[in-house]
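Visitor: Model the structure of this input:
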Amino acid sequence: PCNGQSLVALQSSFWALNLPITVHGRVSDIWRSYFAQRLMWDVGAHLAFHAPLVEQIRNAHDYLSDFEAERPLYMTAGALIRYLCDLELRAPTLPGRIEELSIAMFEAGVLALADVRLTQAWLHDLLAIGYTFPDLAAD
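Guide: Predicted coordinates:
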């Protein structure tokens, strides 16, 4: 997984930047990375890592509260990964598969309905501005 700190995305992967809104912010970017990675398989894309480009100076905060907010990461990430690995998306286009994945995550109880609606609005807006989605890779 990757988080949203110091994230650089190519225009060809802009479709993957939608953040879930119905989970805690400490979980949202990590879940997004799992969803994006699953969809990247379908378009033959890759996720790359680089040494940090910035230095983070942490502010004083409650680590126990952080742990509580991140509990879904520790308790359900393994099951989510297995689910995503086994998930067969059938839509013939990437936008269709993005929506299909969002609905699957709602049906699995990972996300709430507001995230499905947000994903649909995100896809609508990307299409409205003329964004070109990558083609699906040949199987």
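Visitor: C-alpha only now, for contacts and for neighbours.
Guide: Noted.
Visitor: isn't His46 right up against Arg38?
Guide: No. Using C-alpha atoms under 8 Å, His46 makes no contact with Arg38, being 10.2 Å away.
Visitor: what about these two, which has more around it?
Guide: Arg38 (20 against 10; other C-alpha atoms under 10 Å).
Visitor: Now do the helix or strand that contains the more buried one, average pLDDT.
Guide: Assessed by DSSP states H and E, Arg38 sits inside helix 25-43. Averaging pLDDT along helix 25-43 yields 94.
Visitor: Give me the buried stretch members for it, please.
Guide: Judged by neighbour count using 16 or more other C-alpha atoms under 10 Å, the buried positions of helix 25-43 are 26-40, 42-43.
Visitor: Let's see the distance spanning stretch 41-52 from one end to the other.
Guide: One end of stretch 41-52 sits 25 Å from the other (C-alpha to C-alpha, to the nearest Å).
Visitor: How far away from the center of its chain is it?
Guide: Distance, stretch centre to chain centre, for stretch 41-52: 13 Å (C-alpha atoms, centre = their mean, to the nearest Å).
Visitor: what residues are up against the most centrally placed residue in the chain?
Guide: Nearest to the geometric centre of the chain sits Arg32, at 1.8 Å (C-alpha atoms, centre = their mean). If a contact means C-alpha atoms under 8 Å, 6 or more residues apart in numbering, then Arg32 has 16-20 as its contacts.
Visitor: Most neighbours out of the residues you listed, which is it?
Guide: That'd be Pro20 among the contacts of Arg32, by other C-alpha under 10 Å, with 22 neighbours.
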